[in-house]
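Engineer: just to be clear, the model below is a prediction. Sequence and coordinates:
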Amino acid sequence: MKKISRVFLTGLATILPSALTLYILFWLGSAAESRLGAAIKFIIPEEYYWTGMGLVAGIGLVFSVGLLMKAYVVRQLVKFGEEMLGRVPLVKSVYGSIRDLMKFLAGSKDNQLGQVVRVKISEPDLWVVGFLTNEHVSKIDPSLPDDYVAVYLPLSYQIGGHTVLVPRSAVLPSSMSAKDAMRFAITAGMITGENAPARTETR
């Protein structure tokens, strides 16, 4: 019975990531087709509408917004809108989390997570993977010693984490890339095969 369960779980682990990815893409495509398709039908005669036009319009809309964000005026308007949303207690938390995640995935140069590091949290050798986000936290909080730094520690299987303030001596640089480190942390270290970062010797 255990062998049957193991085989079933292996098959589920193989199929589920692909199935969920395809489902999310299908849901996004269906939502774009439904919402934007209805809007297009108000603009053009229905006989000229063909299935998929809403999806194409959605892709074009996203691409256009990306291009507009290169303009200074548009960036300032978006910044103003974000500041207004930031004043709403519940909205600012949800919006801020989603915005930061999407900027990270998009590889925005002005919003990259910091250098990948390992933070020692206990003896003899208990380490956690994190991102060095601020090397001068004493400028923000003068009560902290000059050698303290801020490190973001992502949590596994969820969007979120903790920002800890630790002495620089408790932090060691890691050879992992930011994407590998984030994947490593989110999956609780279960990345394997070609997705695993190269192993390096540490002292």
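Structural biologist: Cool, got the structure. Numbers count the residues shown, from 1 in each chain.
Engineer: the residue nearest to P167 when sequence neighbours are not counted: neighbour count?
Structural biologist: Once flanking residues are discounted, P167 sits nearest to D147: 5.6 Å by CB to CB, 6 or more residues apart in numbering. Heads up, the C-betas are built off the backbone N, CA and C, glycines and all. For D147, the tally of surrounding residues (other CB atoms under 10 Å) stands at 13.
Engineer: centre of the chain to the longest helix anywhere in the chain, how far?
Structural biologist: Counting residues, the longest helix found in the chain (DSSP state H) is helix 2-43. On the basis of CA atoms, centre = their mean, to the nearest Å, helix 2-43 sits 19 Å off its chain's mean C-alpha point.
Engineer: would you list the phi and psi of the residue nearest to P167?
Structural biologist: phi -90, psi 10 (degrees, to the nearest 10).
Engineer: who's in contact with it?
Structural biologist: P167, R168, S169 (CB atoms under 8 Å, 6 or more residues apart in numbering).
Engineer: packing partners of the longest helix of the chain?
Structural biologist: Packed against helix 2-43 by the contact rule (3 or more CB pairs under 8 Å, 6 or more residues apart in numbering; DSSP states H and E) you find helix 53-68.
Engineer: tell me the helix or strand right after the helix it packs on.
Structural biologist: Downstream of helix 53-68, the first helix or strand assigned by DSSP states H and E is helix 72-85.
Engineer: which residues are in contact with that following helix?
Structural biologist: L68, M69, V91, K92, Y95, R99.
Engineer: next SSE after the lowest-mean-pLDDT helix or strand in the chain?
Structural biologist: Taking mean pLDDT, DSSP states H and E as the measure, the helix or strand of the chain with the lowest value is helix 89-106, at a mean of 69. Sequence order places strand 115-122 as the next helix or strand after helix 89-106, per DSSP H and E.
Engineer: so what strands line up beside the very next helix or strand once past that next one?
Structural biologist: The C-terminal neighbour of strand 115-122 among helices and strands, as given by DSSP H and E, is strand 126-134. Here strand 126-134 has these sheet partners by DSSP bridges: strand 115-122 (antiparallel), strand 148-154 (antiparallel).
Engineer: give the buried residues for strand 126-134.
Structural biologist: For strand 126-134, the neighbour count (16 or more other CB atoms under 10 Å) marks W127, V128, V129, G130, F131, L132, T133, N134 as buried.
Engineer: how about the residues you listed in TSV, adding distance to R35 and pLDDT?
Structural biologist: What follows is the buried residues of strand 126-134, written out as TSV (distance: CB to CB, whole Å; pLDDT from 0 to 100):
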residue	distance to R35	pLDDT
W127	47	83
V128	42	85
V129	39	86
G130	39	87
F131	36	88
L132	41	88
T133	37	83
N134	40	84
